[in-house]
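Trainee: sequence first, then the predicted structure, then my questions.
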Amino acid sequence: MTLLTWNHACTINVRAMDDQHGILMDTMNELRQTVVRGRGREEICALLDRLIEFTRMHFWSEEQLMEQSGFPGLADHRAEHHSMLAQMMQAAHRVQYGEAVPMRQLLCSLRSGYIEHIEGPDRQYGPWLNEHGVY
């Protein structure tokens, strides 16, 4: 699995969200490196927990901006956030309690989920927020 890198397709044109997406990518890359280096379950769990907590904060920030600007797709976007977080928390729980979790599959799933979300639904709210004075 390759490292996540920032590219034009990831840009929302809302600076705070773009910055947060960069932090999420960095954390995913750190998690990948930890797994590749064969680190222990405790270190992997700590990184998964950090990723989940930052993701939760990021999703809340996005939803607040969308709510304040009256973004019409908020309900669907929020539902996708809940689904993504539930999947992440389930995976972290399995790792934490020692279940056999195929880490490569987990990392690929997290990676593709983030990229698809950023390049899809997130790109939809960027122009809306820009039109409402949020950059």
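Mentor: Alright, I've got the coordinates. The structure displayed is predicted, hence computed values, not measured ones.
Trainee: surely residue 118 touches residue 10?
Mentor: Yes. Using C-beta atoms under 8 Å, residue 118 is in contact with residue 10, at 5.3 Å. For glycine as for every other residue, the C-beta is placed from the backbone atoms N, C-alpha and C.
Trainee: which neighbours do the two share?
Mentor: By the contact definition C-beta atoms under 8 Å, 6 or more residues apart in numbering, residue 118 and residue 10 are jointly contacted by residue 21.
Trainee: give me the buried positions along the helix or strand of the chain with the lowest mean pLDDT.
Mentor: Ranking every helix and strand in the chain by mean pLDDT, DSSP states H and E puts helix 103-117 at the bottom, with a mean of 90. Across helix 103-117, burial judged by 16 or more other C-beta atoms under 10 Å covers 103, 106-107, 110-111, 114-115, 117.
Trainee: let's have those in TSV, adding distance to residue 126.
Mentor: Listed next are these as TSV, based on distance: C-beta to C-beta, whole Å:
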residue	distance to residue 126
103	32
106	29
107	27
110	22
111	21
114	16
115	16
117	13
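Trainee: for the chain, what spans make up the helices?
Mentor: Remark: helices assigned in the chain by DSSP state H are 15-36, 41-69, 74-96, 103-117, 123-131.
Trainee: pipe the ones you listed into a markdown table and attach distance to residue 4 per row.
Mentor: Listed next are these as a markdown table, based on distance: least, C-beta to C-beta, whole Å:
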| stretch | distance to residue 4 |
| --- | --- |
| helix 15-36 | 4 |
| helix 41-69 | 12 |
| helix 74-96 | 15 |
| helix 103-117 | 6 |
| helix 123-131 | 16 |
